[in-house]
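Enquirer: compute the structure for the input listed below.
(one chain, ligands or ions: 1)
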Amino acid sequence: MTDSIDKLAAQYFQLVELQQLDLPPGPVLIQPAVQTALYERMFNENAVFPVPPDRYRSRVLKQLISRIEESIINPEEDEINDDLMESWSTLVSQPKPSALQQAQQLSLVKYTAPTSSAGNCPKRTVTTSESRGVILYAGTTGNRTWEAALHLGSFLASEAGEALVRGKRVIELGAGTGFLSFLCARHLGVRSIVATDREPALVDNIRACVKHNLHGRESIPIYPAVWEWGTPLEKVGDLAGLGSDEGEEGTGLKFDVALGADLVYDTDLVPSLLSTVQDLFENYNIEEFITAVSLRNENTFRTFLNACETNSLAFEALPFESTPAEDQTGFFHSTSIPLRTYRISRSK
Ligand SMILES: C[S@@+](CC[C@H](N)C(=O)[O-])C[C@H]1O[C@@H](n2cnc3c(N)ncnc32)[C@H](O)[C@@H]1O
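Expert: You can find the predicted model right below:
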């Protein structure tokens with residue numbers, strides 16, 4: 001029972017689409033202890049954080065209540081928890097935003113990492129602020145966390161993945177909501193992570209979300225910065241103090257690993273992305289670039305791999321397969337478009 005409530009709660013705080021929610025079966029939901037747990041863990045506004053948007057909460061609650069109603073065999077004994085019913089009536093009386101307002105609304109989204117093989121570890125969560133329903137808004141695709149980031153996050157949260165970043169100086173390209181950077185900064189023991197994107201609004205959004213990812217710490221080693229591929233990375237703002245105590249030359253900015261998810265979605269972006277990746281190898285010390293791709297279009301991806309070869313960069317696919325959606329225990333995502341992770345390094 002606890003496992004199914006844990007999974008449903010994790011999906012709910014990630015605002016997973018209703019059709020993909022793994023609702024416990026009726027005979028489980030009818031149990032009073034289960035309904036109390038659902039209320040306390042998902043719908044008690046005074047006890048949960050973040051509180052999902054009203055519209056999403058009311059749709060999930062409606063579905064739960066109908067499933068409980070369908071399972072009532074003896075109306076004298078089986079009943080629906082009063083707190084759940086009260087939450088429902090409060091939610092249905094709220095004014096409804098338009099479909100456009102809903103799509104553009106920024107919401108706090110809490111992602112829970114897949115259950116580790118060690119089993120009883122505390123849950124590792126990452127909170128971002130994003131518009132889940134938006135693909136392209138204000139000129140960028142970075143307002144939501146994409147499947148490739150959730151795929152790469154699932155890999156990095158595994159033992160083999162964590163070994164690639166633990167203790168390292170990491171930089172993320174096209175960080176969007178900052179999901180991967182927060183994961184690295186809070187849970188994977190990186191020495192530092194510079195979360196970059198070309199959109200200043202996205203970088204401000206990442207900065208504003210740091211407080212939601214501290215979980216009892218005073219700070220985490222994340223440094224949000226604006227960086228457009230093909231231009232120099234300036235050591236200003238949050239980066240001003242980074243690396244200066246290491247007596248290094250130039251900007252003093254050095255990294256060990258670069259990360260990036262879903263950056264190869266348009267062939268026009270390939271030349272500037274490639275020049276930045278080369279810049280990172282030549283001038284910032286990185287040894288590898290770990291990138292996850294959504295194989296929406298073979299040609300676009302081929303253009304990227306060909307450009308790597310032309311620029312003396314070697315690539316290898318990492319042996320990490322997506323877990324089928326129905327078996328995922330965290331960082332829930334669709335696998336209907338193939339997802340792959342590559343390690344790019346300098347050719348020997
Ligand atoms: C599809 S989104 C992926 C966001 C995030 N990595 C994820 O997977 O959720 C692509 C990101 O790359 C950023 N981007 C696109 N072109 C860029 C450029 N020339 N320089 C820097 N960032 C860029 C966008 O602003 C956006 O945040």
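
Enquirer: and Ala99, what is it in contact with?
Expert: If you count contacts by Cβ atoms under 8 Å, 6 or more residues apart in numbering, Ala99 has none. C-beta: built from backbone N, CA, C; applies to glycine.

Enquirer: separation between it and the ligand?
Expert: 23 Å (Cβ to the nearest ligand atom, to the nearest Å).

Enquirer: okay, and the helix or strand of the protein with the least pLDDT?
Expert: helix 99-104 (a mean of 74; mean pLDDT, DSSP states H and E).

Enquirer: after that one, next one along is what?
Expert: Using DSSP states H and E, the helix or strand that follows helix 99-104 towards the C-terminus is strand 107-112.

Enquirer: how about that following strand as CSV, C-alpha atoms only?
Expert: Extracted in CSV, the C-alpha atoms of strand 107-112 (Å, rounded to 0.1, in the frame of the first residue of the first chain):
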residue,chain,number,x,y,z
SER,A,107,4.1,26.1,-11.2
LEU,A,108,6.5,24.6,-8.8
VAL,A,109,7.1,21.0,-9.9
LYS,A,110,8.7,18.5,-7.6
TYR,A,111,10.6,15.6,-9.2
THR,A,112,11.4,12.4,-7.2
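
Enquirer: tell me the strands beside the helix or strand following that strand, with direction?
Expert: Using DSSP H and E, the helix or strand that follows strand 107-112 in sequence is strand 125-130. Strand pairing for strand 125-130, using DSSP bridges, gives strand 107-112 (antiparallel).

Enquirer: I'd say Thr303 and Val270 touch.
Expert: Yes. Between Thr303 and Val270 a contact is recorded at 5.3 Å, counting by Cβ atoms under 8 Å.

Enquirer: what are the buried residues along the least confident helix or strand of the chain?
Expert: Neighbour counts over helix 99-104 (16 or more other Cβ atoms under 10 Å) mark Gln102 as buried.

Enquirer: between the helix ranked longest in the chain and strand 107-112, how big is the angle?
Expert: The single longest helix within the chain, with elements called by DSSP state H, is helix 54-70. Counting by axes from the mean of the first three to the mean of the last three Cα atoms, to 10 degrees, helix 54-70 lies at 60 degrees to strand 107-112.

Enquirer: by contact count, what packs against helix 54-70?
Expert: Using 3 or more Cβ pairs under 8 Å, 6 or more residues apart in numbering; DSSP states H and E, the elements in contact with helix 54-70 are helix 26-29, helix 82-92.

Enquirer: what does the stretch 201-348 of the chain have sitting close to the ligand?
Expert: Contact residues, the stretch 201-348 of the chain versus the ligand (Cβ under 6 Å from any ligand atom): 202, 228-229, 261-263, 265, 269, 272.

Enquirer: which one of those residues sits closest to Arg296?
Expert: Nearest to Arg296 among those, counting by Cβ to Cβ, is Tyr265 at 6.8 Å.

Enquirer: who's in contact with stretch 146-155?
Expert: For stretch 146-155, the external contacting residues (Cβ under 8 Å, 6+ apart) are 111, 113-114, 126, 161, 176, 179-180, 183, 259, 261-262, 290-294, 318, 320, 322-323, 328, 330-335, 337, 339, 341.

Enquirer: list the contacts of the most centrally placed residue in the chain.
Expert: Central residue of the chain (Cα atoms, centre = their mean): Phe179, 4.0 Å from the mean position. Contacts for Phe179 (Cβ under 8 Å, 6+ apart) come out as 111, 126, 128, 145, 149-150, 153.

Enquirer: spatially nearest residue to Lys254 (excluding sequence neighbours)?
Expert: In space, and not counting its chain neighbours, Lys254 is closest to Asn285: 4.3 Å by Cβ to Cβ, 6 or more residues apart in numbering.

Enquirer: hmm, back to that, chain center to the least confident helix or strand of the chain: distance?
Expert: Put simply, helix 99-104 sits 21 Å off its chain's centre (Cα atoms, centre = their mean, to the nearest Å).

Enquirer: show me the shaky parts of the protein.
Expert: Applying pLDDT under 70 to the chain flags residues 1, 117-120, 134-139, 244-251.

Enquirer: which residues of it fall in helices?
Expert: Applying DSSP H to the chain gives helices spanning 2-13, 26-29, 32-38, 54-70, 82-92, 99-104, 147-156, 159-165, 179-187, 200-209, 270-283, 298-310.

Enquirer: in JSON lines: these, plus distance to Phe255.
Expert: Below are these laid out as JSON lines (distance: least, Cβ to Cβ, whole Å):
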{"stretch": "helix 2-13", "distance to Phe255": "32"}
{"stretch": "helix 26-29", "distance to Phe255": "48"}
{"stretch": "helix 32-38", "distance to Phe255": "44"}
{"stretch": "helix 54-70", "distance to Phe255": "38"}
{"stretch": "helix 82-92", "distance to Phe255": "46"}
{"stretch": "helix 99-104", "distance to Phe255": "34"}
{"stretch": "helix 147-156", "distance to Phe255": "16"}
{"stretch": "helix 159-165", "distance to Phe255": "11"}
{"stretch": "helix 179-187", "distance to Phe255": "12"}
{"stretch": "helix 200-209", "distance to Phe255": "17"}
{"stretch": "helix 270-283", "distance to Phe255": "7"}
{"stretch": "helix 298-310", "distance to Phe255": "19"}
